[in-house]
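# Compute the structure for the input listed below.
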Amino acid sequence: MSEPGLAWRQGGCHCGAVRFEAALPMRVEAQDCNCSICTKTGFAHVIVPESGFRLHSGEASLTSYTFNSGVARHLFCKVCGVKSFYRPRSNPDGWSVNARCLDESEALDIVMTPFDGRNWEAHAASLAHLSKEAL
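Presented below is the predicted three-dimensional model:
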């Protein structure tokens, strides 16, 4: 991960058992998905490539949940129940970080973009580029 303008930003779950960092610019685009699970968990997607994500602690505190196609691996802290990040079906080569779980998120310029996840099959391809490495 050597893209200019990126910095490692830390985050985690509510209780602190799970800690991660993601390489992000100061201006971050987050997808505000209206699918059933994102709506109910308040997840705001910031999709990063594999190299732009590091899990620092709490792997043993994570539990997974899958539904529908079973491809997306939704990860939750076993202690507090917060979903800080997960491996998305649209970007299996990257990670989706919850913008709401970033420390000091108020220091970032987070732009929320609506995403129609209720009609996921029709719109998922528009997210595929987000986990690709910059050339």
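
# burial measure for Tyr15, as a count.
Careful, residue 15 is Cys and not Tyr. Neighbourhood size, Cys15 [other CB atoms under 10 Å]: 14. C-beta coordinates here come from the backbone N, C-alpha and C atoms, glycine included.

# ignore the last one, Ala72
Look at Ala72: counted by other CB under 10 Å, it has 21 neighbours.

# For this structure, give me the ranges with low pLDDT.
Scanning the chain for pLDDT under 70 picks out 1-4, 133-135.

# As a check, name the ranges of all helices in it.
Assigned by DSSP state H, the helices in the chain fall at 36-41, 120-123.

# and the shortest one, how far from the chain's centre?
Think helix 120-123. 18 Å (CA atoms, centre = their mean, to the nearest Å).

# With the first one instead?
Centroid separation between helix 36-41 and its chain, computed with CA atoms, centre = their mean, is 13 Å.

# In JSON lines: the helices of the chain, plus distance to Glu50.
Formatted as JSON lines, these follow (distance: least, CB to CB, whole Å):
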{"stretch": "helix 36-41", "distance to Glu50": "21"}
{"stretch": "helix 120-123", "distance to Glu50": "22"}
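
# so of the ones you listed, which one's packed in deepest?
Per-residue neighbour counts averaged over each of the helices of the chain give the maximum for helix 36-41, namely a mean of 14 (mean count of other CB atoms under 10 Å).

# what ranges do the strands span in the chain?
7-12, 19-24, 27-33, 44-49, 53-57, 62-65, 73-77, 85-87, 94-98, 109-115 (DSSP state E).

# Could you list the buried residues of the fifth one?
What that stands for is strand 53-57. Under the neighbour-count criterion of 16 or more other CB atoms under 10 Å, strand 53-57 has Phe53 buried.
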